[in-house]
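J.: below: sequence and its predicted model.
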Amino acid sequence: MTATEEVPMGFGRMHRKEDARFLRGRGNYVDDVVLPGMLHGAVLRSPYAHAKILSVDTSAAEAHPKVRAVITGETLAGLDLAWMPTLSGDVQAVLATDKVRFQGQEVAFVVAEDRYSARDALELIDVEYEPLAPVVDARKALDAGAPVIRDDLEGRADNHIFDWETGDKARTDEVFANAEVVAVQDMLYPRVHPAPMETCGSVADMDPVTGKLTIWTTTQAPHAHRTVYALVAGLPEHKIRVISPDIGGGFGNKVGIYPGYVCSIVGSILTGKPVKWMEDRSENLMSTSFARDYHMHGEIASTKDGKILGVRVKVLADHGAFNGTAQPTKYPAGFFGVFTGSYDIEAAHAEVTGVYTNKAPGGVAYACSFRITEAVYLVERLVDVLAHDLGLDPAELRLRNLLRPEQFPYQSKTGWEYDSGDYPRALRLALDMVGYEKLREEQAKRREAGGEQLMGIGMAFFTEAVGAGPRKHMDILGLGMADGAELRVHPTGKAVLRLSVQSQGQGHETTFAQIVAEELGISPEDIDVVHGDTDQTPFGLGTYGSRSTPVSGAATAVVARKVRERAKIVAAAMLEVSADDLEWEKGRWFVKGDRAAGKSIQDIAMAAHSNLELPEGVEGHLDATCVYNPPNLTYPFGAYVCVVDVDAGTGQVKVRRFVAVDDCGVRINPMIVEGQVHGGLADGVGMALMQGMAFDEDGNHLGGSFMDYLLPTSMECPSWELGETVTPSPHHPIGAKGVGESATVGSPAAVVNAVLDALKPHGVRHADMPLTPAAVWCALQGRPIRT
Ligand code: MCN
Ligand code: CUN
């Protein structure tokens with residue numbers, strides 16, 4: 001921050017407080033943690049996607065002079081730790097005992113004096129495998145005679161995980177049977193990976209004297225992890241301290257508990273020394289939480305003139321070898337239930353079937369909003385397919401069907417209550433900003449002129465449901481999704497806010513200080529935000545599903561208001577008036593009708609710690625705590641328009657422009673919101689055009705490095721054009737809605753719709769992501785790139 005720049009006393013643009021250390025290279029990440037006597041762990045991984053383990057010989061590795069311990073599945077079985085529960089109530093192998101079930105699965109863990117020796121010793125472990133036929137294609141997972149992946153589960157004779165449905169099937173079938181038009185489209189939302197800049201890792205330190213385990217680890221949910229460690233390992237919870245220091249990007253990759261974390265803990269218990277384990281890039285890409293992998297069969301029904309009547313969908317969900325997704329228990333398909341999108345329809349129905357395949361576990365990650373990415377992609381592609389079939393302009397079709405402002409709060413046909421919105425206003429703003437009509441004119445001229453330079457205009461309108469959640473509906477492993485907050489105000493009026501949520505780059509140290517500043521009138525510079533340490537912060541479920549602002553942000557406002565009420569009593573005593581005679585303005589209480597007679601929050605804080613006499617029954621100090629259980633989710637929304645140029649000769653797509661209008665209710669820090677949107681839009685361009693985790697037919701992972709798994713850079717991104725509308729959430733104390741995943745959720749459909757709009761004159765109706773040059777070229781030739 002420059003000296004001249006003003007720090008807002010509340011909401012407003014403000015540079016991130018945490019940047020002072022990040023920009024100076026003073027961040028403190030897990031790999032920066034160095035403890036006396038620390039040892040290093042490395043994981044031996046399976047080269048096969050599916051194979052029986054016949055034997056594991058660790059003798060040569062154990063003989064390595066720098067090796068302190070070699071841990072196998074058998075070692076863990078002896079401690080009853082070979083399997084751990086997943087966040088979805090399945091079990092996952094920590095280290096394989098019987099079989100390996102995906103390429104890259106953890107088989108053994110070596111603890112050595114340095115990282116290099118640990119890695120060297122991996123090569124000395126001799127594992128004898130008997131390869132088995134793998135299940136790679138989810139569409140074949142339920143075939144009769146398909147190899148059974150989870151024969152560890154009793155009585156399991158197939159690869160079926162769950163069936164889940166939502167909506168009214170009978171009513172939907174009736175609407176479809178009577179509809180004038182039905183458009184049908186199969187589509188794949190391919191497996192992608194969050195690929196945070198920092199990979200996953202941990203440093204575990206079990207103090208043999210006190211019995212206290214401290215674990216520095218890359219986690220988005222430190223408190224939830226601590227409870228799971230306590231339950232799984234039988235360690236007393238108060239003897240476990242989870243510290244999540246600075247996190248170099250999470251994107252959902254750091255929600256779950258990975259075998260490496262558990263192995264570092266066991267390594268520390270066995271050696272009596274701290275043990276560090278840090279993945280490399282390939283390990284991260286191959287074995288940690290992927291995202292999506294939804295095969296969707298979608299149908300949309302409408303009248304001839306484009307009134308949408310219903311949506312139905314069948315999904316085949318590839319969950320990999322262990323059901324390791326991290327969504328609220330009641331929702332095995334996450335919040336996919338919002339697939340009716342932003343439209344006023346009569347009926348909807350979805351069926352989702354989850355299956356095991358020989359791939360890494362995961363599913364809910366990469367700014368997914370619990371599968372709302374898939375839901376938004378589905379409905380926004382279907383609307384475009386319908387526009388294509390009806391010969392209608394996709395903007396016009398959307399405007400005819402968007403929910404109207406007077407319909408809020410809106411009960412969706414699948415049971416969700418959208419809190420607030422003005423959708424047509426957002427879409428009109430986006431169309432105005434991009435200059436929609438002029439662009440269509442340009443496109444018409446280009447089409448008339450012919451040639452290989454194609455132009456496409458695509459859009460997407462999305463509604464998200466974020467802020468999980470009302471605790472009675474939402475829990476993870478039985479832990480209800482409510483968040484605590486604690487606010488202390490020191491005698492001199494400086495404050496410290498303690499939170500359970502965990503920033504991974506979202507700027508919480510700034511924005512949460514701004515919420516307190518807005519409520520109390522203390523400068524955000526004078527408010528420290530403490531997070532990422534279970535010994536120092538109240539319990540809460542962590543950061544994912546863009547829930548920090550909706551849940552902990554609300555908790556922060558509530559706790560600050562409690563402090564304000566306490567301050568009122570102290571101010572009344574200081575001013576020798578009744579508390580009822582006081583009025584609040586930002587930063588001070590004053591006597592109604594006499595502005596000059598007032599006390600600042602700083603004066604009040606000092607008095608609260610002094611020998612001032614307070615009314616009977618009122619303690620001193622201003623500190624307060626609260627637990628916030630949200631009454632509903634918040635429903636941010638947005639309208640995105642993308643313009644692409646496509647070279648028909650090479651299939652190369654260039655994103656020319658991208659307009660994004662977001663509505664996340666009241667913006668705490670517009671600069672941070674814009675940063676979140678920029679990042680998410682880049683994600684969307686990446687997923688639409690280049691990312692996609694591929695496997696060969698033997699289940700070999702083909703995206704183990706950034707040479708093969710492509711991420712977007714500034715070269716692929718246009719200069720984003722952002723707009724905003726503000727529709728406050730009626731039930732959130734400051735009217736804010738979450739925004740961290742909005743752009744990732746909304747943008748892929750806009751990019752894909754734009755590319756397909758460009759290809760439309762060539763008879764292309766749909767093509768699956770990623771729309772690489774090869775995929776686009778194949779689509780133009782009329783052949784699919786994949787079967
Ligand atoms: N914010 C605001 N006004 C609003 C809403 C949000 O100023 N109306 C601010 C918040 O105060 C916060 C940031 O925007 O500083 C994001 O807030 P929110 O939408 O509540 O999302 P979370 O903080 O819960 O972040 C989670 C979300 C998720 S789930 C993924 S995945 C993702 C994302 O955030 N991962 C990220 N954005 C990321 N950004 C970075 N840099 N790194 C990641 O790993
Ligand atoms: Cu789903 S990725 Mo974010 O919720 O951590």
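T.: It's in. Ligands and ions are numbered 1, 2, ... in the order given.

J.: just checking, Arg45 touches Ser287?
T.: Yes. Contact criterion C-beta atoms under 8 Å: Arg45 and Ser287 qualify, at 6.8 Å. (C-beta placed from N, C-alpha, C; glycine too.)

J.: what residues are shared contacts of those two?
T.: With contacts taken as C-beta atoms under 8 Å, 6 or more residues apart in numbering, Arg45 and Ser287 have Gly104, Gln105, Glu106 as neighbours in common.

J.: which strand or helix spans the closest residue to the first one other than its chain neighbours?
T.: When you say that, I think you mean Gly104. Residue nearest to Gly104 in three dimensions, not counting chain neighbours: Met286, with 3.5 Å by C-beta to C-beta, 6 or more residues apart in numbering. Using DSSP states H and E, Met286 sits in helix 281-287.

J.: next helix or strand past that helix?
T.: Counting by DSSP H and E, the next helix or strand C-terminal to helix 281-287 is strand 290-291.

J.: which SSE is His678 in?
T.: Short version, using DSSP H and E: His678 is in helix 670-689.

J.: quick check: buried residues in that helix?
T.: 671-674, 676-689 (16 or more other C-beta atoms under 10 Å).

J.: filter those down to the ones close to ligand 2.
T.: Here nothing survives when the buried residues of helix 670-689 are matched to ligand 2 using C-beta under 6 Å from any ligand atom.

J.: quick one, phi psi at His766?
T.: phi -150, psi 150 (degrees, to the nearest 10).

J.: circling back to that earlier point, more neighbours: Arg45 and Ser287, which one.
T.: More crowded of Arg45 and Ser287, by other C-beta atoms under 10 Å: Ser287, with 26 against 19.

J.: ok and the residue in the stretch 401-550 of the chain nearest ligand 2?
T.: At 3.3 Å from ligand 2, Tyr544 is the closest residue in the stretch 401-550 of the chain, using C-beta to the nearest ligand atom.

J.: I figured that residue was touching Ala221, is that so?
T.: Yes. The criterion here is C-beta under 8 Å, and Tyr544 meets it with Ala221 at 7.0 Å.

J.: give the other helices and strands that the helix holding Met286 contacts.
T.: Packing partners of helix 281-287 (3 or more C-beta pairs under 8 Å, 6 or more residues apart in numbering; DSSP states H and E): strand 39-45.

J.: neighbouring strands for the strand it packs on, and are they parallel or not?
T.: Next to strand 39-45 in the sheet, as set by DSSP bridges, lie strand 106-112 (antiparallel), strand 275-278 (parallel).

J.: so can I have JSON lines of those showing distance to Gly334 and mean neighbour count?
T.: Shown next, in JSON lines, are the strands paired with strand 39-45 (distance: least, C-beta to C-beta, whole Å; neighbours: other C-beta atoms under 10 Å):
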{"stretch": "strand 106-112", "distance to Gly334": "26", "mean neighbour count": "26"}
{"stretch": "strand 275-278", "distance to Gly334": "29", "mean neighbour count": "27"}
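
J.: and of those, who's closest to ligand 1?
T.: The closest of the strands paired with strand 39-45 to ligand 1 is strand 275-278. By C-beta to the nearest ligand atom, the value is 17.7 Å.

J.: how far does that closest one sit from its chain's centre?
T.: Offset of strand 275-278 from its chain centre (C-alpha atoms, centre = their mean, to the nearest Å): 25 Å.

J.: got a list of what Thr503 touches?
T.: I think there's a mix-up here, since residue 503 is Ser and not Thr. Contacts of Ser503 (C-beta under 8 Å, 6+ apart): Glu18, Ile247, Glu509, His531, Gly532, Thr543, Ser548.

J.: is the third one in a helix, a strand, or coil?
T.: Three states are possible here, and by DSSP: H, G, I helix; E, B strand; the rest coil the one that applies to Glu509 is helix.

J.: contacting residues for it?
T.: Glu509 neighbours (C-beta under 8 Å, 6+ apart): Arg16, Lys17, Glu18, Ser503, Asp528, Val529, His531.

J.: go ahead and confirm Arg171 touches Arg312.
T.: No. Contact criterion C-beta under 8 Å: Arg171 and Arg312 do not qualify, at 10.5 Å.

J.: the two: which is more packed in?
T.: Arg312 (24 against 15).

J.: got the residues of the stretch 151-300 of the chain near ligand 1?
T.: Pro196, Gly249, Gly250, Phe251, Gly252.

J.: nope, the chain is what I meant
T.: Residues of the chain lying near ligand 1 (C-beta under 6 Å from any ligand atom): 196, 249-252, 367, 504-508, 511, 543-549, 664-669, 672-673, 676, 679, 736-741.

J.: give the buried subset of those as a ChimeraX selection command.
T.: The ChimeraX selection below is limited to those of the residues of the chain next to ligand 1 classed as buried (16+ other C-beta under 10 Å):
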select :196,249,250,251,252,367,504,505,506,507,508,511,543,544,545,546,547,548,549,664,665,666,667,668,669,672,673,676,679,736,737,738,739,740,741
